[in-house]
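*Asks:* My questions concern the predicted model and sequence given below.
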Amino acid sequence: MELDISPSIRTPRLYVRPWHEGDLASLHKIMSNQSVHTYTEEAPWTEDKARAVLDWFHSNKSGWKWKAGYFNCPLILTDCHTLIGRVGLNPYGEDDAIAEIEWTICEEHWHQGYATEIGKAILEYGFREGGFSSIIGFTAIRNMSARQVMKKIGMEHIGDREQHNRKLSIFQIKRSQ
């Protein structure tokens, strides 16, 4: 199932679109790479796990948009239409005015500025279209690359905490008044 919805998040090099059945192999390739999970403490995904997640996206999120601006979509290179990751805004806690930003990018596309580029676009979307008052991001304390990206996109480090036996750095950005 693919919804006919034009992406509202686009940069010069990247765009997002709804998930479709043909994304299974690419999603599995990205999420089965151990390096992608270096800081998540999650095991690399099996093809069955990738299938289950893709099915969940379809059945619970209707592809592109769901519940007040939250989304999870494939990240696509504009020039060749290649899926290189997944990005989204997820619910964070009980407050519908706060979202959590996420991105996962295929290892072969690291260190090319894609996370910063799409991160800025997601924040803009979250404030403009989602109407969120605040967007949170978190990563393992030792994940210096993700911490640096969050700083580059304007997020402020607001503290560290332990959650599920992981030491996390928390970042936040608030909508400009």
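*Replies:* Structure received.
*Asks:* elements contacting whichever strand or helix holds Glu124?
*Replies:* Assigned by DSSP states H and E, Glu124 falls within helix 114-128. Here helix 114-128 touches strand 14-16, strand 83-91, strand 98-105, strand 134-140, helix 144-152, going by 3 or more Cβ pairs under 8 Å, 6 or more residues apart in numbering; DSSP states H and E. Every C-beta, even on glycine, is put in place using the N, C-alpha and C of the backbone.
*Asks:* Indicate which one of those is closest to Ser59.
*Replies:* Checking the helices and strands packed on helix 114-128 against Ser59 by Cβ to Cβ gives strand 83-91 as the closest, at 16.0 Å.
*Asks:* still on that earlier bit, out of the helices and strands packed on helix 114-128, deepest packed?
*Replies:* Of all these, strand 14-16 has the most neighbours on average by mean count of other Cβ atoms under 10 Å, namely a mean of 22.
*Asks:* Only the buried residues of whichever helix or strand comes after that one, if you could.
*Replies:* Reading on from strand 14-16 to the C-terminus, the next helix or strand found by DSSP H and E is helix 24-31. Buried residues in helix 24-31, defined by neighbour count with 16 or more other Cβ atoms under 10 Å: 24, 26-31.
*Asks:* Can you check what angle separates helix 24-31 from strand 98-105?
*Replies:* Taking axes from the mean of the first three to the mean of the last three Cα atoms, to 10 degrees, one finds helix 24-31 and strand 98-105 inclined to each other by 90 degrees.
*Asks:* Before I go, just wanted to say thanks for your time.
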